[in-house]
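Below is the sequence, then the predicted model.
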Amino acid sequence: MKGEQTDMFDILDQQLARASSPVSAVYHFPVEREVGLIRETARILEKRTGSAADRFWQMTCRRLYARYQVNGMAELQIKEALATFTYAVHAEMARAAWDEWTGDNPRGAA
């Protein structure tokens with residue numbers, strides 16, 4: 001009888017351990033697909049200069065870092081996401097500058 005109780009408790013402990021372990025994974029939305037955030041950040045950076053632009057950029061990166069950290073993303077993944085975001089913002093700024101230049105250039109359009 002005593003051996004049966006121990007076995008029953010062992011089985012219950014194992015079932016509880018399985019039930020409490022995480023079953024699903026969290027998939028983060030790729031930062032490079034957050035077009036609104038990228039465009040807004042690029043527009044603000046185009047208007048600001050010097051230390052104001054630096055402060056805005058640092059604040060934006062810290063917010064993204066905190067958001068990913070709270071969601072449980074690993075440190076390396078956070079750094080990769082921030083690097084991707086940086087590249088996307090710079091690419092958007094270059095795209096906007098090119099559009100502006102070719103729009104004002106009379107030889108730019110056929």
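Done, it's in. Numbering: from 1, shown residues only.

C-alpha from now on. contacts and neighbour counts both.
Will do.

quick one: contacts of stretch 74-89?
Residues external to stretch 74-89 that are found in contact with it (CA atoms under 8 Å, 6 or more residues apart in numbering): Pro30, Val31, Glu32, Ile38, Arg39, Thr41, Ala42, Cys61, Leu64, Tyr65, Tyr68, Gln69.

if you set the cut-off to 10 Å instead, what comes out?
Residues from elsewhere that reach stretch 74-89 (CA atoms under 10 Å, 6 or more residues apart in numbering): 30-35, 37-43, 45, 57, 61-62, 64-69, 72-73, 90-95.

now swap in stretch 38-48 and tell me
31-32, 35-37, 52-57, 60, 85-94, 96-97.

Restricted to helices, list the residues you listed.
Using DSSP state H, the subset of these located in helices is 35-37, 52-57, 60, 85-94, 96-97.

lowest average confidence, helix or strand, in this protein?
Least confident helix or strand of the chain, by mean pLDDT, DSSP states H and E, is helix 2-20 with a mean of 60.

Name the residues of stretch 63-73 that come out as buried.
Applying a neighbour-count criterion of 16 or more other CA atoms under 10 Å, one finds Leu64, Tyr65, Tyr68, Met73 buried in stretch 63-73.

So what touches that stretch?
Outside stretch 63-73, the residues that reach it (CA under 10 Å, 6+ apart) are 26-28, 31, 57-62, 74-75, 77-79, 81-82, 85.

Quick one, which of the residues you listed are buried?
Among the contacts of stretch 63-73, those buried by neighbour count (16+ other CA under 10 Å) are Val31, Trp57, Cys61, Ile78, Ala81, Leu82, Phe85.

And these, which is closest to Thr102?
Nearest to Thr102 among the buried ones among the contacts of stretch 63-73, counting by CA to CA, is Phe85 at 25.6 Å.
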